[in-house]
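K.L.:
model this:
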Amino acid sequence: MYAIVEIAGKQFRVEKDAQIKVPLLHHEVGEKVEFDKVLFVNDDSGVKVGAPVVEGAKVSAEVLEHGREKKIIVFKKKRRKGYRKKQGHRQHFTRIKIENISVG
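P.N.:
Predicted structure coming up:
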């Protein structure tokens, strides 16, 4: 059984007991979180597609940790002008563990 769920404006394919990294959620570590924007569910009884969401479907998860991704380098240059600019960026994330997918 899996589902497509929208978390913080992005869509993720989730299964039970899977751990995924999502954009930063403002919840404490160990706290339970529920997501009700379930767009698609595939289970034993068949496929349910939402318009735009599946009614009564919920995904519950537990917050495992907060962290920052590896650094990416943003380098800008204009040739023959002597303009160079180097910046780094580390995106914040939250790792969650999917505990349950319920339909209806």
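
K.L.:
when you work out contacts or count neighbours from here on, use the C-alpha atoms and nothing else.
P.N.:
Noted.

K.L.:
now do the strands in this structure.
P.N.:
2-7, 10-15, 19-23, 32-35, 38-43, 46-49, 58-68, 72-78, 83-89, 92-102 (DSSP state E).

K.L.:
is residue 85 in contact with residue 77, as I believe?
P.N.:
Yes - taking contacts as Cα atoms under 8 Å, residue 85 lies within contact range of residue 77: 6.5 Å.

K.L.:
so where's this protein shaky on pLDDT?
P.N.:
Nowhere does the chain drop to pLDDT under 70.

K.L.:
relative to its centre, which residue of it is most distant?
P.N.:
residue 80 (42.1 Å; Cα atoms, centre = their mean).

K.L.:
quick one, phi/psi of it?
P.N.:
Backbone torsions of residue 80, given as degrees, to the nearest 10, read phi 60, psi 10.

K.L.:
ok, now which ones touch it?
P.N.:
By Cα atoms under 8 Å, 6 or more residues apart in numbering, the contact list for residue 80 is empty.

K.L.:
as CSV, the strands of the chain with mean neighbour count would be great.
P.N.:
Below are the strands of the chain laid out as CSV (neighbours: other Cα atoms under 10 Å):
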stretch, mean neighbour count
strand 2-7, 19
strand 10-15, 15
strand 19-23, 17
strand 32-35, 16
strand 38-43, 19
strand 46-49, 13
strand 58-68, 18
strand 72-78, 10
strand 83-89, 10
strand 92-102, 18
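
K.L.:
residue contacts, the spatially closest residue to residue 84 that is not a sequence neighbour?
P.N.:
Among residues not flanking residue 84 along the chain, residue 77 sits closest, at 4.5 Å (Cα to Cα, 6 or more residues apart in numbering). Counting by Cα under 8 Å, 6+ apart, residue 77 touches 83, 84, 85.

K.L.:
got TSV for those residues, with distance to residue 66 too?
P.N.:
What follows is the contacts of residue 77, written out as TSV (distance: Cα to Cα, whole Å):
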residue	distance to residue 66
83	36
84	33
85	30
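
K.L.:
between these, which is closest to residue 41?
P.N.:
Distance to residue 41 across those (Cα to Cα) is lowest for residue 85, with 45.7 Å.
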